[in-house]
Structures are given as structure tokens and as C-alpha cells.
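In: predicted model and sequence below, questions to follow.
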Amino acid sequence: MLGYFKKSPPVSPAGTKLEQQTKYRRLKWQVFLSATIGYGLYYVCRLSLNVVKKPIVDSGVLTESQLGIVGSALFFSYAVGKFTNGFLADHSNIRRFMSFGLLVSALANLAMGFTGVFLFFAICWGVNGWVQSMGAPSSVVSLSRWYTDKERGSFYGFWSTSHNIGEALTYILTAVVASYFGWQWGFRSAALIGIFGAVLIFMFFHDSPESKGLSPVNPETVTKKTTTWGEQKLALKNPYIWLLALSSGFMYISRYAVNSWGPYYFEAAKGYTLTEANSLVAISAVCGILGTASSGFISDKFFKGHRNMPALLYGLMNVLGLSLFLLGPKGLWWIDALSMVIFGLAIGALICYLGGLMAVDIASKKASGAALGMVGIMSYAAAGIQDIASGFLIEGNKSVVNGETLYDFSSITIFWIGAAVLSVVFALFTWKKT
């Protein structure tokens with residue numbers, strides 16, 4: 001089984017120089033587009049639970065605390081998986097690695113569409129978290145293998161729009177399906193989309209230029225004397241990567257606070273319907289596409305490749321967006337929509353900067369997956385803690401008066417906004433390196 005994921009051996013170059021260049025341009029665009037669309041469809045299989053939380057609670061299948069535990073199962077297994085799979089991706093055939101992960105994720109969603117048992121939910125969602133962690137490292141390693149230093153920042157930003165594409169599809173398409181056909185079909189529709197994505201990746205995602213008979217794009221990855229394991233060990237010892245991981249962790253608390261509980265909050269605190277609540281959260285996903293796509297280009301073009309200043313500006317925008325979301329008055333749709341616009345733009349860019357690009361910039365190209373794994377384990381461990389804490393805080397601060405359920409979200413407000421502030425603080429400690 002492990003041999004199936006082994007990195008493809010180099011193929012002897014064939015054809016004229018012009019033919020090689022034409023082939024390279026065609027294949028690298030296939031890699032980029034399949035990585036972007038494919039990882040977006042990973043997100044559809046990851047976020048399906050978030051859309052149907054309220055219907056599951058309303059139907060009496062699970063409580064908020066149980067859903068928090070189920071959600072955290074994905075985050076914790078994803079955190080550990082992203083660390084280990086990040087290291088493995090540097091050594092793997094990323095085409096097989098990434099397509100296999102999405103296929104298993106789709107099957108986990110399919111299984112959850114046919115049960116309502118808490119333990120089975122937790123196990124399936126935990127398995128989903130592990131295989132979900134195979135997507136991002138494969139994509140980032142592909143950028144290091146197929147794109148030059150001058151291109152990496154911009155294309156990393158464009159690839160990162162996959163998060164937002166997946167979120168938008170989930171909060172619009174999956175929400176509509178679940179509204180009409182029930183929460184079970186929320187999972188089933190995500191599974192069908194995931195299977196399609198796995199086939200797409202297997203057909204158009206390619207391991208490396210060398211595996212296709214092309215010369216390496218970054219020759220230093222071949223000529224550098226240190227081994228991949230050696231470069232990964234150096235990345236593990238780099239304190240700036242760990243500081244970025246902490247900053248990303250706190251940012252992920254605020255990110256998944258909205259992604260995981262945003263629809264629930266809009267329904268419970270502000271009285272929106274299921275479709276209205278998910279449509280508001282979808283605004284952040286759509287705006288995140290702009291924030292993510294422009295992030296690499298902005299830092300490359302206007303800040304000479306430095307990410308520190310734009311990361312600070314977008315971090316402050318994150319704090320502002322969350323504050324409007326949580327502290328804005330009830331009944332003013334335009335304020336809620338504005339909060340999601342600001343939040344989406346900020347998180348879209350921060351996913352790119354704090355969630356990987358700044359760490360990949362610091363690390364060797366041979367350790368791109370490892371650097372991403374270090375950031376990933378901190379980010380998703382924090383996201384898992386968030387899901388448990390948020391579930392207990394929401395359930396623990398609700399009461400029933402005369403048959404009406406009342407919520408007190410003051411503790412949640414402090415928790416979510418405080419995390420966004422701490423993310424900005426930790427990022428500042430890496431200022432000179434980024």
C-alpha cells in the first residue's frame with residue numbers, strides 16, 4: 001500500500017526544447033487547475049456537517065455538545081494528519097496521494113448520510129479529518145515542484161481560493177439540498193461531489209516535471225546536497241515557523257468559529273432561516289476568494305515579497321469583521337452582510353499568509369510539506385479546541401423560558417474576538433523574517 005504513494009521516478013527527457021516548453025506549460029496549468037478545483041471539493045466534504053448542525057439539533061438526533069465533539073474529531077485527526085502527511089507528501093506521488101484522500105473523504109460523508117448514531121458520527125468524521133489532511137500538502141508540494149520562486153507567491157494565492165470555492169459551494173449548494181431533502185442529503189450530495197473531485201485529480205494532477213520527462217523547475221532541489229529529511233529537520237528547529245504556527249492557530253479559531261458555528265449563530269442570535277443564515281456565511285466565502293487570490297500578488301507587487309505588513313493589515317480586518325458579526329445589532333441585514341465581507345476578505349488573505357505561504361517562504365523547497373504540516377498541526381488543534389469549547393459555551397449559556405430557547409453569547413464573543421487579537425500579536429514576532 002505504501003508503495004502506491006511512492007514518488008514517481010524521473011523519466012528521461014524527450015523531444016525538442018520547444019516541445020518540452022509547450023508540454024511544461026500545458027502540464028503545469030493542469031496541475032494548478034486540478035489542485036485548485038480539487039482542493040475546493042475537499043472543502044465540500046469537510047464543511048458539510050456545519051451546514052446541517054441546526055437541523056440535526058432540531059430533529060433531536062444530537063445535541064450542541066455532541067456536535068462540538070464530532071466536529072473536534074475532524075480537527076484533531078486533521079491536525080495530526082496534516083503534520084505527518086505534510087512530511088510524507090514531500091516524498092510521495094502527490095497525484096495518488098491527493099486523489100485517494102478525497103475519495104475516502106467522500107465515502108465518509110456518504111456513510112454519515114445513512115445514520116444518526118453519535119459514536120458512528122464521531123468515528124466517520126475523525127476518519128474524514130485524517131484523509132482531508134492529504135489535500136493541502138499535496139497541493140503545496142506541487143507548487144514547489146512545478147513553479148519557480150518568482151511565481152510561487154502569486155500562484156499560492158490563486159490556489160488558496162480553493163478554500164473559498166469549496167466554502168461557497170457548501171454554504172449555497174449543500175444548504176439548498178439539505179433544506180429541500182433533509183440533513184441526510186447534505187452529506188450525500190457532498191459525497192457525490194467528492195467522488196467527482198477524486199476522479200478529476202487522478203486524471204489531471206501530476207507528480208513532478210521529472211516524472212513527465214521534463215527538467216526540474218527549481219534545479220537547486222536536485223543539486224542541493226542536503227537530503228529532504230535533513231531539510232525537514234531544519235524546519236522543525238526553526239522558531240519562526242512555530243511562531244507562525246501559533247499565529248495561524250489563533251486565526252483558525254476565529255476562522256472556524258464562523259465556518260462551524262456562524263450559521264447556527266445567525267439562526268439562534270439573529271433570527272435568520274437556515275437558508276438565510278448559510279447565505280450570509282457564503283458571503284464571507286465568496287469575498288474570501290478575492291482576499292485569497294489577491295494576497296500573494298499584493299505582497300509580491302507592493303511589498304517586494306514581504307508578507308509582514310499585509311498580514312498585519314488583514315489581521316486587524318479580521319478583528320473588525322468579527323466584532324461587527326458578534327456585536328452588531330439584530331435585524332440589520334446590511335451590517336451582518338458587511339461583517340461577512342470584511343471577515344471573508346481578511347480570512348481569505350490570512351489563510352494564504354499565516355496558513356502556509358510565510359512558513360513555506362522561510363523553509364527549504366524540499367521541506368515545503370513539512371513547513372505546512374507544522375503550521376497545520378497547530379492550526380487544526382486550535383480549531384478542534386474551538387469546536388468543543390464553542391459547543392459547550394453555547395449549550396451551557398442557553399435557557400428555556402416559557403417554551404422559548406434563549407441564548408447568551410457573551411462568552412463566545414470574548415473567546416472568538418480574543419483569538420483574533422492574539423493571532424495578530426504572534427505574527428508580529430516574525431516581522432523581521434517575513
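Out: Thanks, I have the structure now. These figures come from a predicted structure and were not determined experimentally.

In: now for residue 115, how many residues are close by?
Out: 14 (other CB atoms under 10 Å). C-beta coordinates here come from the backbone N, C-alpha and C atoms, glycine included.

In: need the contact list for it.
Out: residue 121 (CB atoms under 8 Å, 6 or more residues apart in numbering).

In: which pLDDT value belongs to residue 30?
Out: Turning to residue 30, the model gives it a pLDDT of 91.

In: report the next helix or strand after the helix or strand hosting it in sequence order.
Out: Taking DSSP states H and E as the definition, residue 30 sits inside helix 17-51. Next along the chain after helix 17-51, taking DSSP H and E as the criterion, comes helix 53-58.

In: please identify the buried residues of that following helix?
Out: Residues of helix 53-58 classed as buried by neighbour count (16 or more other CB atoms under 10 Å): 53, 54, 55, 56, 57.

In: what strand or helix carries the most centrally placed residue in the chain?
Out: With distances taken as CA atoms, centre = their mean, the residue of the chain nearest its centroid is residue 163 (5.5 Å). Secondary structure assignment for residue 163, by DSSP H and E: helix 161-169.

In: those helices in the stretch 51-200 of the chain, which residues are they?
Out: Using DSSP state H, counting those that start in this stretch, the helices of the stretch 51-200 of the chain run over residues 53-58, 64-89, 94-112, 118-132, 135-146, 149-159, 161-169, 175-181, 183-204.

In: and if you look at the stretch 251-400 of the chain?
Out: So, for the stretch 251-400 of the chain - with DSSP H, counting those that start in this stretch - the helices run 274-302, 308-327, 333-352, 358-362, 368-396.

In: want to try TSV for the ones you listed, with mean pLDDT as columns?
Out: TSV is the format used below for those (pLDDT from 0 to 100):
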stretch	mean pLDDT
helix 274-302	82
helix 308-327	92
helix 333-352	92
helix 358-362	78
helix 368-396	81
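
In: residue contacts, the nearest residue to residue 140 once chain neighbours are set aside?
Out: Once flanking residues are discounted, residue 140 sits nearest to residue 372: 5.0 Å by CB to CB, 6 or more residues apart in numbering. Taking CB under 8 Å, 6+ apart, we find residue 372 in contact with 82, 86, 136, 137, 140, 356, 359, 360.

In: next: residue 93.
Out: 4, 5, 6, 7, 8, 207, 211.

In: in stretch 327-336, what's buried?
Out: Buried-residue list, stretch 327-336, by 16+ other CB under 10 Å: residue 336.

In: returning to what we had before: buried residues in the helix holding residue 163, which are they?
Out: 161, 162, 163, 164, 165, 166, 167, 168, 169.

In: cool, stretch 335-343 as well?
Out: So for stretch 335-343, counting by 16+ other CB under 10 Å, buried means 336, 338, 339, 340, 341, 342, 343.

In: neighbours of the nearest residue to residue 86 once chain neighbours are set aside, how many?
Out: Closest residue in space to residue 86, ignoring its immediate chain neighbours: residue 373 at 2.2 Å, by CB to CB, 6+ apart. When neighbours are defined as other CB under 10 Å, residue 373 has 33 of them.

In: tell me the spacing between residue 373 and residue 59.
Out: Distance, residue 373 to residue 59, using CB to CB, to the nearest Å: 38 Å.

In: isn't residue 79 right up against residue 376?
Out: Yes. Using CB atoms under 8 Å, residue 79 is in contact with residue 376, at 6.7 Å.

In: what residues are shared contacts of these two?
Out: residue 133.

In: who has more neighbours, those two?
Out: Neighbours per residue (other CB under 10 Å) separate residue 79 from residue 376, with residue 376 holding more: 30 against 24.
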